[in-house]
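Q: A predicted structure for the sequence below; I have some questions about it.
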Amino acid sequence: MDLPLLPTSVIGSYAWPAWLHVALWAAQRGELGPEDMRETQDDAVDMALRDQEDAGVDIVSDGEMRRAGFFTAAFYGFLTGLRELPPQRRIGVAGHDQRESYEAVEPITAPNGLGLLAEFDYVKQRTTRLIKMPCPGPFTLAGQIKPGAVYKTRWDVAEALVPIINTELRALVAAGCTFIQIDEPSIAVRPDNPCAFVEPFNATVAGVDAKIGLHLIFRQLRRASHGKAHLSPALSTHSRRARRSVCAGIRQLRTG
């Protein structure tokens, strides 16, 4: 499909309609079966696609309508070797201490993949537009997994997730996906070394023959640049150097 000189796309996520929230609450209460929920989420994906097409978006996504909870939450159900931990807080404004949390008790694997292939297969049936598939990066996905006795640090957990995500991305490409978005906002927790993600990113996308976009990375570089608000000639020397390192260090980065 031919694209215009400046093709339009979306970040990946889309605003959930009220009825999807109602359905998710009903499912949590045990009032909906798995097929009820699948039909509801199919309808939500169709709505997101229809809205994007009506708006003239060139490269669409499924709106991440199947990813209940925080945008990484649905992926943990595909991983083995984890023990779910109770939330540290149940009442009050929603925060990370109310989210899902796990501890590694065995080496992490994903014998059946991460679910992206099924999501992509459905979207292919519902649109003729080019499709972007968003996927969390390894460091971000490692954020809710405590190393336990299996790994030493969050970085070790992230390294264990790299081949799992890479395998999933390769499967997407084999199925016909040509645009992939890597969500790696958690690099913000490493303001001392904003380019630390480069090596794991390269390993994550190695051999993935698709246009790769990074979501939020330059926002994190702004946070690491002593409060400078814009990527411009006014950037601090530190941030300019960081940006050059990112651009020089990431192989195959072609924003889609």
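A: Cool, got the structure.
Q: Now W19: closest residue in space, sequence neighbours ignored.
A: T40 (7.9 Å; Cβ to Cβ, 6 or more residues apart in numbering). C-betas here are computed from N, CA, C, even on glycine.
Q: Look at the one you found and report its pLDDT.
A: At T40, the pLDDT value in this model is 96.
Q: is it true that L79 touches P111?
A: No - L79 lies out of contact with P111 (Cβ atoms under 8 Å); the separation is 9.5 Å.
Q: which of the two has more neighbours?
A: L79 (19 against 8; other Cβ atoms under 10 Å).
Q: Could you list the buried residues of the helix or strand hosting L117?
A: Of the helices and strands defined by DSSP states H and E, L117 is found in helix 116-126. For helix 116-126, a neighbour-count test (16 or more other Cβ atoms under 10 Å) marks 116-117, 119-120, 122-123, 126 as buried.
Q: what would the residues you listed look like in JSON lines with pLDDT and distance to D97?
A: Conversion of the buried residues of helix 116-126 to JSON lines gives the following (pLDDT from 0 to 100; distance: Cβ to Cβ, whole Å):
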{"residue": "L116", "pLDDT": "96", "distance to D97": "28"}
{"residue": "L117", "pLDDT": "96", "distance to D97": "32"}
{"residue": "E119", "pLDDT": "96", "distance to D97": "29"}
{"residue": "F120", "pLDDT": "97", "distance to D97": "33"}
{"residue": "Y122", "pLDDT": "97", "distance to D97": "34"}
{"residue": "V123", "pLDDT": "97", "distance to D97": "34"}
{"residue": "R126", "pLDDT": "96", "distance to D97": "37"}
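Q: between these, which is nearest W16?
A: For these, the residue nearest W16 by Cβ to Cβ is E119; the value is 15.7 Å.
Q: for the record, mean pLDDT for stretch 158-170?
A: 97.
Q: Check what pLDDT the residue most central in space within the chain gets.
A: Compute the mean C-alpha point of the chain, and by Cα atoms, centre = their mean the closest residue is P136, 2.6 Å away. We have a pLDDT of 92 for P136.
Q: how about it, phi and psi?
A: For P136, the backbone dihedrals (degrees, to the nearest 10) come out as phi -70, psi 150.
Q: Show residues contacting the longest strand seen in the chain.
A: If you go by DSSP state E, the chain has its longest strand at strand 101-109. The contact list for strand 101-109 (Cβ atoms under 8 Å, 6 or more residues apart in numbering) reads 76, 79-88, 144-151, 157, 160-161, 164.
Q: With stretch 24-34 instead?
A: Against stretch 24-34 from outside (Cβ under 8 Å, 6+ apart): 23, 36-37, 40, 68.
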